[in-house]
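Student: Give the three-dimensional model of this entry:
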Amino acid sequence: MNRSIAAALLASATATPCLAEAADPRRADTTIIVVGQRDALKLDPRPAAASRLGLSIRETPASVELLTQDDLQLRGLRTARETFNQVVGAIAGNVPGNPAVVSLRGFSGGAVSLLQDGVRISTSTVVQRDSNNWHFDRIEVLKGPASVLYGEGALAGVVNKVTRKPVLGEAHMDGLLSVGSFDTVYAAGGVNVPLGPDVALRADASHQRSDSLYDVDNNDTMSAGLTASLLVRPHADVSLLVAVDHFEDRYDATYQGLPLIPGQFARDPRNAVTSTAGLVADRALRRRNYNAQDGHSGADETTIRSRLEWQIGSGWSFGLDLTGYTADRVYLLTDQQSFVAPTAAFPNGSFRQTFQDFRHDHHFWNARGVIGNAGRIAGLRNRFSIGAEYNHTDFESLRRQAPNTILPAVDVAAPAPFTLPRGAGVYSSDLLFVSRLKQTAVFAEDALNLTPRWLVVGGIRWDHIDLDRATIQNVSGAIDRNRPTYNPLSWRLGTTWDVMQDLTLYAQYTTAVSPVSSILIASVANTRFRLTSGRAYEAGFKASGWGGRFSVTGAAYRIEQKDILTRDPADPSLTVQGGRQSSQGVELSAVLVPVKPLHLSGGIAYTDAQYDELSELVGGTRVDRRGNRPINVPSTTLNASALYTLGTAVTLGGFLRHASALYTDTANTIRVAGHTVLDASLALNVSPHATLTLRGRNLTDAFYGEYSGYPATNVYIGAPRSFEIALATRF
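Tutor: From the prediction side, this is the model:
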């Protein structure tokens, strides 16, 4: 913990919420001093991700989960991956090409859309990073298909990261400094400054560095953020917010997960992973990193945003969002580790590896305007919005691959440092992918109260998508190009019914569309396929009571996706559409404050997911995967927390997370065992302005698989037992 901290303790907050969210600029920011009791009633917030109509969680006919900045700090959640693992029914992993990838309701990767302040820049498999949480006021999760709100993708759900906002008429500073195991240092701070009665500025900065968040050799990690926003309210009915967000990260010698090896060669085999081929996870290799010493992955991204809100009068409102985004990403790493049995030169066995050099140059801008009205139709309360959106993306991706014949063999037990090859003739594949994407959309939503207790909600969205996709052979100059257009239509219809004051029932039907793979990095061949289609049914309840000390939500759902890629039954060498995938399950979340000092919360989810129709080509033979479980989908997840306050100064916390077994391949031959992780905290209010927290993670030192990597024979092993001490301040 003796490394210097390069972080300015300044920075961020963010764009105002969506038009219908109707944010109160006087609302105090939710920065943390740890307390032992929180409000049990969490059904009245109005998450922007769920609707543009300003519906509360109780009014929304869908499952919505909210994690505030208070929640993030109470649970010690520092990054996006740690946060997503706390969402009921979700797990997350740090795959290098898709850090903090999320699996939700039986689907993963691009099926879960990522937003920042309500704007979707691209599929999450392209833009998602394991960014620092300090900059976000809250994380909103809308579960189930959401193409009607955000276009293609969003088959399994939407994650909206809402940045912190300036507060008018209030001056304060807050900060967080922590040091912990693996030489990890986290420093962050923010300031809110009123520049006049109608102008305020907020700025935040954060910096995290570690020898490795997974405690892996040669894997220094860094993530940083700098965000700032200016809020101007020249009139009671008009506000303008301008914001800039900058995030960057770097992972040295990119960790690809623990490669599985044949059990007979393992020194400390564990049952964390089993396979039909006899491959095991060797705990003796827990800290080994087989990547090149000059390999790395990372991103540097900047967003400039503005939002104009105008309450026109007579219930009418108008909102205009403008967003510009640019990013550079690099993935320089070795993969496809092939085990070679022990020889005289390598008595422990060795790995042969290929080398990948992938880079992104990404530019995006978006304009969205929404007109809304809250009034009455035939005496019935009605809220509606109608809007249009246009965005343009320029995306270039250099993709180079070198065969394993040019890389040195790596000793399994003691990999020696090596550098990546350079120069002409190194790459067996040298391509430049170029995409120009233009999307135009029109959308509408309506919420009509047929009675004071019975609400009907509907929405529809039409997209026109123009894609110009080219693959350029850098050596020969040959170009393969396709210019497809797509015109998907998505819609939803739902209802909520307040059976009594504290009990609401809901149901909804939703449709969604999604490309067969990420639209920006899909092969030209894949762009020639039509979009896949999905639909979902969901019903559930939301209840609260006991004087606001208890709330519970429950949901049952089914999601179906068709036209995924499969093999032609008549000619297995051909890839065709016609595959199907589905999931169905139940979820339950609850918060309980039985006595004032004790706060209990938790959630459990069960997912039954499968490929209903899927075949693959294996060794020239068509193999049926029907009935198999999709990759990285546990059947059961559970999280629970307990906070107990002693007097007014000390809070004890316990946090439990469990996920059942999952598979790393569509054949379901490699099984990652289920795991349970226990964390605990002790927080002491050392002054009215400061809280000191001691935290322990994975206290049982469980050795467990967290997520599968690529290839399927690599598994990310969760971090071992670790400790941290943190100081949070607010003035």
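Student: Does residue 466 belong to a helix, a strand or coil?
Tutor: Following DSSP: H, G, I helix; E, B strand; the rest coil, we place residue 466 in the strand state.
Student: and if you look at residue 149?
Tutor: Secondary structure, three-state DSSP: residue 149 is helix.
Student: That one: how many residues sit nearby?
Tutor: 24 (other C-beta atoms under 10 Å). Where you see a C-beta, it was placed from the backbone N, CA and C, and this is true even at glycine.
Student: now do the one 4 residues further on
Tutor: In terms of burial, residue 153 registers 28 neighbours under the definition other C-beta under 10 Å.
Student: and the nearest residue to it once chain neighbours are set aside, what element?
Tutor: Computed as C-beta to C-beta, 6 or more residues apart in numbering, the closest residue to residue 153 that is not its neighbour in sequence is residue 113, at 4.8 Å. Under DSSP states H and E, the secondary-structure element containing residue 113 is strand 112-116.
Student: pLDDT score assigned to residue 663?
Tutor: Confidence per residue is given as pLDDT, and for residue 663 that number is 96.
Student: Give the other helices and strands that the strand holding residue 113 contacts.
Tutor: Counting contacts by 3 or more C-beta pairs under 8 Å, 6 or more residues apart in numbering; DSSP states H and E, strand 112-116 is packed against strand 98-104, helix 124-127, strand 157-163.
Student: out of those, which comes closest to residue 65?
Tutor: Between residue 65 and the helices and strands packed on strand 112-116, the shortest separation by C-beta to C-beta is 9.4 Å, and it involves strand 157-163.
Student: pLDDT averaged over the closest one - what is it?
Tutor: On average, strand 157-163 scores 93.
Student: list the contacts for the residue nearest to residue 153?
Tutor: For residue 113, the set of contacting residues under the criterion of C-beta atoms under 8 Å, 6 or more residues apart in numbering consists of 120, 123-124, 146, 150, 153-154, 157-159.
Student: Looking at those residues, which is nearest residue 424?
Tutor: Minimum separation from residue 424 among the contacts of residue 113 (C-beta to C-beta) is found for residue 123, which lies at 33.7 Å.
Student: mind checking how far that closest one is from residue 329?
Tutor: As for residue 123, its distance to residue 329 is 14 Å (criterion: C-beta to C-beta, to the nearest Å).
Student: With neighbour numbers in mind, choose between these two.
Tutor: Neighbour count, other C-beta under 10 Å: between residue 123 and residue 329, residue 123 has more, with 26 against 20.
Student: Does that one touch residue 108 like I think?
Tutor: No - with contact defined as C-beta atoms under 8 Å, residue 123 does not reach residue 108; the gap is 11.9 Å.
Student: Could you tell me the angle between the strand holding residue 113 and strand 157-163?
Tutor: Angular relation of strand 112-116 and strand 157-163 on a 0 to 180 degree scale: 20 degrees, by axes from the mean of the first three to the mean of the last three C-alpha atoms, to 10 degrees.
Student: Show me which positions of strand 112-116 end up buried.
Tutor: Along strand 112-116, the positions that meet the burial threshold by neighbour count (16 or more other C-beta atoms under 10 Å) are 112-116.
Student: got the contact list for the strand or helix carrying residue 691?
Tutor: Residue 691 belongs to strand 690-697 when assigned by DSSP H and E. The contact list for strand 690-697, computed with C-beta under 8 Å, 6+ apart, reads 32-34, 76, 180, 677, 679-686, 719, 721-730.
Student: Quick check: buried residues in it?
Tutor: Buried, per 16+ other C-beta under 10 Å, within strand 690-697: 691-693, 695-697.
Student: for stretch 255-275, same thing?
Tutor: Residues of stretch 255-275 classed as buried by neighbour count (16+ other C-beta under 10 Å): 255-262, 265-266, 269-270, 272-275.
Student: what's the straight distance from one end of that stretch to the other?
Tutor: 22 Å (C-alpha to C-alpha, to the nearest Å).
Student: pLDDT on that stretch, on average?
Tutor: In this model, stretch 255-275 has an average pLDDT of 93.
Student: what do you get for stretch 372-379?
Tutor: 95.
Student: Identify the residues contacting that stretch?
Tutor: For stretch 372-379, the surrounding residues in contact (C-beta under 8 Å, 6+ apart) are 19-20, 52-54, 314-319, 382-386, 448.
Student: Need the buried ones from those selected in ChimeraX.
Tutor: Once 16+ other C-beta under 10 Å is used to decide burial, the buried members of the contacts of stretch 372-379 can be selected in ChimeraX as follows:
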select :19,20,52,53,54,317,318,319,382,383,384,385,386,448
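Student: Okay, and which of the contacts of stretch 372-379 map to strands?
Tutor: Judged by DSSP state E, these include 316-319, 382-386, 448 as members of strands.
Student: So which of those residues is the closest to residue 293?
Tutor: For the ones in strands among the contacts of stretch 372-379, the residue nearest residue 293 by C-beta to C-beta is residue 319; the value is 49.8 Å.
Student: Any figure for the gap between that closest one and residue 301?
Tutor: Distance of residue 319 to residue 301, given as C-beta to C-beta: 24 Å.
Student: do residue 557 as well
Tutor: When distance is defined by C-beta to C-beta, residue 557 is 33 Å away from residue 301.
Student: Show me which of these two is the more surrounded one.
Tutor: When neighbours are counted by other C-beta under 10 Å, residue 557 and residue 301 differ, and residue 557 comes out ahead with 25 against 20.
Student: List the contacts of that one.
Tutor: Remark: with contacts taken as C-beta under 8 Å, 6+ apart, residue 557 is in contact with 63, 105, 143-144, 536-539, 584-587.
Student: hang on, the earlier thing: quick one: the helices and strands packed on strand 112-116 as JSON lines, columns for mean neighbour count too.
Tutor: JSON lines is the format used below for these (neighbours: other C-beta atoms under 10 Å):
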{"stretch": "strand 98-104", "mean neighbour count": "25"}
{"stretch": "helix 124-127", "mean neighbour count": "22"}
{"stretch": "strand 157-163", "mean neighbour count": "26"}
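Student: With distance to residue 279 as extra columns, can I get these in JSON lines?
Tutor: Converted to JSON lines, these look like this (distance: least, C-beta to C-beta, whole Å):
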{"stretch": "strand 98-104", "distance to residue 279": "22"}
{"stretch": "helix 124-127", "distance to residue 279": "26"}
{"stretch": "strand 157-163", "distance to residue 279": "32"}
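Student: And these: which comes nearest residue 281?
Tutor: If you check each of those against residue 281 by C-beta to C-beta, strand 98-104 wins as the nearest, at 19.7 Å.
Student: May I have that closest one exported as CSV, CA atoms only?
Tutor: Listed in CSV are the C-alpha atoms of strand 98-104, where the atom choice follows Å, rounded to 0.1, in the frame of the first residue of the first chain:
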residue,chain,number,x,y,z
ASN,A,98,-16.3,-7.0,-22.4
PRO,A,99,-15.4,-5.9,-18.8
ALA,A,100,-18.3,-6.2,-16.3
VAL,A,101,-20.3,-8.3,-18.8
VAL,A,102,-23.8,-9.1,-17.3
SER,A,103,-25.9,-12.2,-17.4
LEU,A,104,-29.5,-11.6,-16.6
